[in-house]
Each structure stands twice: as structure tokens, then as C-alpha cells.
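In: Fold the following, please.
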Amino acid sequence: MTQQDDWTADRAKALLRAMFDAAVAAADPARVLAAHLPEVPRGRCVVLGAGKSA
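Out: Coordinates of the predicted model:
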């Protein structure tokens, strides 16, 4: 049996934690949405919303 085939609970836990952290980082709104948002407006900005989606 080689070291690669020697799966321990600690190695499995570390791999699962790394996979979880990568998934959470990929879904981080600050990273995902930043490329799709317009530039910050200059001056006064008024935002209105109505209905259930607001």
C-alpha cells in the first residue's frame, strides 16, 4: 500500500474541508458580483423599490 492509497480520517477531513472552502469562495457575492456591477455613481443616487422583490 502506498502513501497515496493510505486514506486516514484526517486526510479525508482535510480534503473535504478544502473542497467546502473552495465552494464557499466560488459563491462569495463580493467576488462573483463585482465584475457584473456598474461603476459607483457620482453625486446623489436615489434607489427606489416596490413590490415583493424590493
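In: got the residue ranges for the helices in the chain?
Out: Secondary structure of the chain (DSSP state H): helices located at 9-26, 29-32.
In: and the longest one, what does it pack onto?
Out: Packing contacts for helix 9-26, counted by 3 or more C-beta pairs under 8 Å, 6 or more residues apart in numbering; DSSP states H and E, involve no helix or strand. All C-beta spots, glycine's among them, are computed from the backbone N, C-alpha and C.
In: quick one: average pLDDT of that helix?
Out: Per-residue pLDDT values over helix 9-26 give a mean of 95.
In: CA atoms of that helix as PDB?
Out: What follows is helix 9-26 as a C-alpha-only set of coordinates in PDB (Å, rounded to 0.1, in the frame of the first residue of the first chain):
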ATOM      1  CA  ALA A   9      -9.800  10.200   8.700                       C
ATOM      2  CA  ASP A  10      -7.600  13.300   9.000                       C
ATOM      3  CA  ARG A  11      -6.700  13.300   5.300                       C
ATOM      4  CA  ALA A  12     -10.300  12.800   4.300                       C
ATOM      5  CA  LYS A  13     -11.400  15.600   6.600                       C
ATOM      6  CA  ALA A  14      -8.700  17.900   5.200                       C
ATOM      7  CA  LEU A  15      -9.800  17.200   1.600                       C
ATOM      8  CA  LEU A  16     -13.500  17.700   2.400                       C
ATOM      9  CA  ARG A  17     -12.700  21.000   4.200                       C
ATOM     10  CA  ALA A  18     -10.600  22.200   1.200                       C
ATOM     11  CA  MET A  19     -13.500  21.300  -1.100                       C
ATOM     12  CA  PHE A  20     -16.000  23.100   1.100                       C
ATOM     13  CA  ASP A  21     -13.800  26.200   1.400                       C
ATOM     14  CA  ALA A  22     -13.400  26.300  -2.400                       C
ATOM     15  CA  ALA A  23     -17.100  26.000  -3.000                       C
ATOM     16  CA  VAL A  24     -17.900  28.800  -0.500                       C
ATOM     17  CA  ALA A  25     -15.200  31.000  -2.000                       C
ATOM     18  CA  ALA A  26     -16.600  30.500  -5.500                       C
END
